[in-house]
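Peer 1: dropping the sequence and predicted coords here.
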Amino acid sequence: MATSLPNINEIMDVCLLAGKIMLENGAETYRVEDTMARIAAGYGIKHSHSFVTPTGIIFSADGSESTKFSRILERSTDLRKVTMVNSLSRLISNGELSLTEAYHQLKVLETAKLAYPIFHKVAAAAIASGCFLIMFQGQWRDFLPAFFAGGAGYFCAVYLERFVRVKFFSESLAAFIIGLMALFFVSTKIGVQMDKIIIGSVMPLVPGLLITNAVRDLMAGHLVSGLSKGAEAFLTAFAIGTGIAVVFSFL
């Protein structure tokens, strides 16, 4: 397939948009690079080059003198969007999707609100907190304290992120609230094991996907992305520990 220069630029825009959506929603670095390369190959650009970090994507293609950059400002977890971009890339590789259609569908997907409502997230976090408590050999009597503390802490973390752009502070305050509620439940004899209540309640805040992606990227040789994601996961863990430590300083 022969491609003219304007067409190459349009293909690069589609590749960058697909990579941006995936990276913003929790995809691994190698998956983002592989998807962009497959999309470019599906439209006739056999040799493309990308450099992906958690905060930006650089992409270039043979036949074009320009190199394009996309800045990643926000990162969250929505694996449904990652799956949908993967599905689009397969359609492109099979020649079933035109360039214009692909760009339109990606723009729609970029702005789509596919995440679950906050009520569902908080309810899931609360149930998970109680289940984690039992998994860590806590007592059934502490299930409800962990349920309420975990739900309140997760709600605090999600709600404060709208006003505090630095995640460290929202996560630290969420852990602080969890610690206070655990202390309250134990001091009023509603709960028994304060440590188990706290451990179960903070688990929904633990950056499991970040840790997994950091290890996966390091194993694949993406050292910059792996180390930066690992550092972000460490900061989240440090924020959780800081909030709990402040509560323990009251004892």
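Peer 2: Done, it's in. These numbers come from a predicted model, not from an experiment. Residues are numbered from 1 along each chain as shown.
Peer 1: so where's this structure shaky on pLDDT?
Peer 2: In the predicted model, the chain carries pLDDT under 70 at residues 1-6.
Peer 1: try 80 this time
Peer 2: Scanning the chain for pLDDT under 80 picks out 1-6, 63-65, 164-166, 250-251.
Peer 1: contacts only, for residue 35.
Peer 2: For residue 35, the contact set (CB atoms under 8 Å, 6 or more residues apart in numbering) comprises 18-19, 22, 27, 85-86, 89. C-beta here means a position set from N, CA and C on the backbone, and glycine is covered the same way.
Peer 1: so it is in which element?
Peer 2: Using DSSP states H and E, residue 35 falls within helix 29-42.
Peer 1: buried stuff in that helix?
Peer 2: Going by neighbour count (16 or more other CB atoms under 10 Å), the buried part of helix 29-42 is 29-40, 42.
Peer 1: hey, where'd the strands end up in the protein?
Peer 2: Using DSSP state E, the strands of the chain run over 48-53, 56-61, 67-71.
Peer 1: so which bits of the last one are buried?
Peer 2: Okay, so that is strand 67-71. Residues of strand 67-71 classed as buried by neighbour count (16+ other CB under 10 Å): 68, 70.
Peer 1: how far off strand 56-61 does that strand point, in degrees?
Peer 2: On the basis of axes from the mean of the first three to the mean of the last three CA atoms, to 10 degrees, strand 67-71 is oriented at 160 degrees to strand 56-61.
Peer 1: sheet partners, orientation included, of strand 67-71?
Peer 2: Here strand 67-71 is paired, per DSSP bridges, with strand 56-61 (antiparallel).
Peer 1: correct me if wrong: residue 72 contacts residue 23.
Peer 2: Yes. At 5.5 Å, residue 72 and residue 23 qualify as touching, with contact defined as CB atoms under 8 Å.
Peer 1: anything in contact with each of these two?
Peer 2: Contact criterion CB under 8 Å, 6+ apart; residues shared by residue 72 and residue 23: 54, 57.
Peer 1: which residues are in contact with the spatially closest residue to residue 103 that is not a sequence neighbour?
Peer 2: Spatially, and ignoring its direct neighbours in sequence, residue 103 is nearest to residue 14 (5.1 Å; CB to CB, 6 or more residues apart in numbering). Residues near residue 14 by CB under 8 Å, 6+ apart: 39, 43, 99, 102-103, 106.
Peer 1: do you know how far residue 14 is from residue 99?
Peer 2: Separation of residue 14 from residue 99 (CB to CB, to the nearest Å): 6 Å.
Peer 1: find residues that contact each of the two.
Peer 2: Contact criterion CB under 8 Å, 6+ apart; residues shared by residue 14 and residue 99: residue 43.
Peer 1: who are the contact partners of residue 60?
Peer 2: Residue 60 makes contact with 12, 48-50, 66-68 under the criterion CB under 8 Å, 6+ apart.
Peer 1: again, but for residue 194
Peer 2: Each residue near residue 194 by CB under 8 Å, 6+ apart is listed here: 182-183, 185-186.
Peer 1: tell me which two in the residues you listed are the farthest apart.
Peer 2: 183 and 185 (7.5 Å; CB to CB).
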